[in-house]
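1. The sequence and its predicted three-dimensional model are supplied below.
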Amino acid sequence: TYKLSNGIELFFFPQKNNKKISFNTFFNVGVRDEEKKHSGISHFLEHMMFRGSKNYPDFKRLATAFEKYAGDWNASTGYETTDYSFSGLYTKNSHNIVDLFYDFLFYPQFEGIEKERQIVLREIEDDLNHLGHLIDADHQALKLLWPSSTLSRPITGTKDSIESLSFDDLAFYYKSFYVSSNMLLTLSGPDEAKDWIPKIDEKFSLLEEMKTITRKKEILPNFVGPKVSLIEHPDNQYQVHMIFPCQNEWDQDYPVYSILDSLLSDGYMSRLSYRIREEKGLVYDIDSSVCSYNDSGTFSIYSSTETSMFHLFLPELLKILSNLSKNKITDEELERAKVRSLMRLSTLTYDKESYMHYVARSYFIKKDPKLDLLCDKIKNMTKNQIMSCAERLFVKRNCGLVMIGPKDKGARGYALNMIEKYL
């Protein structure tokens, strides 16, 4: 870890025998910092950053300058962070990208706002069906859990909010959050990439040292289920997203979630995959995942099934979840889940892009990224710990279900009855 003269921190991740270099700038800002009337401004601002800089005053010249380095120049907006990145091959002159990256980030021109507004509106339309319904299952699941929270809003915003955003709105938001006290730099590459660090210090130390930003703390309401949402979408299948609120990745229960994830859907012999896909043939694929936010988390299960099979699919899914706290986990099953969970974590240390995002999330909420400790907890996990966690997690009062598919007056009621019966 390096600290620049103005307080900005830089994390360097050396990678031996790897000529790829990645440089990321993370800003601690996202959808959860937006006012409702400005929904989508974080994402719109991210788009506008690419419209030109001081030395490259339009998109074409800026893109040409980046692409001559033959790398990938990109950005992403999330609920809590925004990331700008460049990745490519390390060469003796590649450190010159730092000057370009600094110009890109801190001298945006915000030209072509109306053109970019139309591009964002097209992106929003991609997630709408012909009825005007948003068919992003992840968004609909968060909206079901916390309907009045910032997590219930689409990252892209809405048509109305994007159309109302002005140049002044974007400029004010940029000046409020794109400051030295609200950012983190990460660099990964071969050992020789250390020669980037003096250049980074020279450029990024030019930023004025700013006081810490004061934010309004959002308190997520307690979810009380079961709740089922049916989003009408003409199809012969139901897209299913079952979601359970849980703790985030810095909580003591998080290692147990990783094991549960492996037990349920990691590999063909996992409980969901084997029973619902291999034995019953009810789905082509079924998966689970754990997602973490600063103050909460979610455990989700995703699949799609034909409407004619839904009445068979849902009870099977619910019985498997309910039985996790009752049916004994075999030694072989537990060992397999541990091995696969540890493999995923080990992969994270080699996948520097993902690892840098993990480090940034930890840094912004002042937590130490301790993968070694997490691995130790997984290695020492007991069956009783897993069954106890499943008993608390997979219960009807903690269950939300989103169905995206054809309108059926009885489908939602059937789903509620099945959740009540089995969880």
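-> It's in. Numbers count the residues shown, from 1 in each chain.
2. Let me see the contact set for Asn6.
-> Listed by CB atoms under 8 Å, 6 or more residues apart in numbering, the contact set of Asn6 reads 180, 204-205, 207-209. Any C-beta I mention is one placed from the backbone N, CA and C, and that applies to glycine too.
3. Let's see that with 7 Å instead.
-> Contacts for Asn6 (CB atoms under 7 Å, 6 or more residues apart in numbering) come out as 180, 205, 207, 209.
4. Now restrict these to buried residues only.
-> Among the contacts of Asn6, those that count as buried by neighbour count (16 or more other CB atoms under 10 Å) are 180, 207.
5. Return the member of the contacts of Asn6 nearest to Lys216.
-> Closest approach between the contacts of Asn6 and Lys216, by CB to CB: Ser180, at 21.5 Å.
6. show me what contacts the closest one?
-> 6-8, 207-210.
7. Same question for Phe177.
-> By CB under 7 Å, 6+ apart, the neighbours of Phe177 are 27, 29, 33, 213.
8. about what we covered before: just give me the closest of the contacts of Asn6 to Arg277.
-> The closest of these to Arg277 turns out to be Ser180 (CB to CB; 50.3 Å).
9. ok, for the closest one, nearest residue in space, not its chain neighbours?
-> Spatial nearest neighbour of Ser180, chain neighbours left out: Leu207 (4.4 Å); criterion: CB to CB, 6 or more residues apart in numbering.
10. Ala411 now?
-> Closest residue to Ala411 apart from its sequence neighbours, by CB to CB, 6+ apart: Leu230 at 6.0 Å.
11. on that earlier part again, top of the contacts of Phe177 by neighbour count?
-> Val29 (27 neighbours; other CB atoms under 10 Å).
12. wait, what's in contact with that residue?
-> Val29 neighbours (CB under 7 Å, 6+ apart): 42, 82, 177, 182.
13. Of those residues, which is the nearest to Ile404?
-> Set against Ile404, the nearest of the contacts of Val29 by CB to CB is Ser42 (25.4 Å).
14. Which elements pack onto the helix or strand encompassing that closest one?
-> Ser42 is part of helix 41-48 when elements are defined by DSSP states H and E. Of the remaining helices and strands, those touching helix 41-48 by 3 or more CB pairs under 7 Å, 6 or more residues apart in numbering; DSSP states H and E are strand 72-77, helix 113-126, helix 167-177.
15. Okay, buried residues for the first one please.
-> The one in question is strand 72-77. In strand 72-77, counting by 16+ other CB under 10 Å, buried: 73, 75, 77.
16. which secondary structure elements does it contact?
-> Using 3+ CB pairs under 7 Å, 6+ apart: strand 72-77 touches helix 41-48, strand 82-89.
17. Could you say which of these is packed most deeply?
-> Highest mean neighbour count among those (mean count of other CB atoms under 10 Å): helix 41-48, with a mean of 23.
18. Past that helix, which element shows up next along the chain?
-> Next along from helix 41-48, by DSSP H and E: helix 59-67.
19. now that following helix against helix 113-126, angle please.
-> When axes from the mean of the first three to the mean of the last three CA atoms, to 10 degrees is applied, the directions of helix 59-67 and helix 113-126 differ by 70 degrees.
20. circling back: now do the residue nearest to Ser180 against Ser181, distance only.
-> 10 Å (CB to CB, to the nearest Å).
21. Cys291 contacts Tyr302, doesn't it?
-> No: using CB atoms under 7 Å as the test, Cys291 is too far from Tyr302 to be in contact (11.6 Å).
22. How about residues contacting the helix or strand containing Tyr355?
-> Following DSSP H and E, one finds Tyr355 within helix 352-364. Contacts with helix 352-364, where a contact means CB under 7 Å, 6+ apart, come from 11, 13, 15, 22, 24, 26, 28, 81, 83, 184, 186, 188, 348-349, 368-369.
23. how about the residue nearest to Ser180, what does it touch?
-> Here Leu207 is in contact with 6, 8, 106, 180 (CB under 7 Å, 6+ apart).
24. so what pLDDT did it get?
-> Turning to Leu207, the model gives it a pLDDT of 89.
25. As a check, name the ranges of all strands in the protein.
-> Counting by DSSP state E, residue ranges of the strands within the chain are 2-3, 9-14, 20-27, 72-77, 82-89, 183-189, 227-232, 237-246, 286-292, 297-306, 400-405.
26. circling back: closest one of the contacts of Val29 to Lys115?
-> Ser42 (19.3 Å).
27. Touching, the closest one and Val31? I think so.
-> Yes: Ser42 is within contact range of Val31, at 5.8 Å (criterion: CB under 7 Å).
28. Contact partners for the residue most central in space within the chain?
-> The centre of the chain sits closest to Gly78, judged by CA atoms, centre = their mean, with a distance of 6.3 Å. Neighbouring residues of Gly78 by CB under 7 Å, 6+ apart: Gly30.
29. quick one, phi psi at it?
-> When read as degrees, to the nearest 10, the backbone of Gly78 gives phi -120, psi -170.
30. Give me the pLDDT for it.
-> According to the model, Gly78 scores 96 on pLDDT.
31. Repeat that for Glu125.
-> At Glu125, the model reports a pLDDT of 94.
32. Kindly report the same for Asp99.
-> So Asp99 comes in at 93 (pLDDT).
33. Burial check on it, number of neighbours?
-> 14.
34. before we move on, the earlier item: next, format the helices and strands packed on strand 72-77 as CSV and append distance to Gln239 and mean pLDDT.
-> Supplementary listing: the helices and strands packed on strand 72-77 in CSV, determined by distance: least, CB to CB, whole Å; pLDDT from 0 to 100:
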stretch, distance to Gln239, mean pLDDT
helix 41-48, 23, 97
strand 82-89, 28, 93
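35. Tyr102: which of those is closest?
-> Smallest distance to Tyr102 across those (CB to CB): 11.0 Å, for strand 82-89.
36. neighbouring strands for that closest one, and are they parallel or not?
-> Sheet pairing of strand 82-89 (DSSP bridges) gives strand 20-27 (antiparallel), strand 72-77 (antiparallel).
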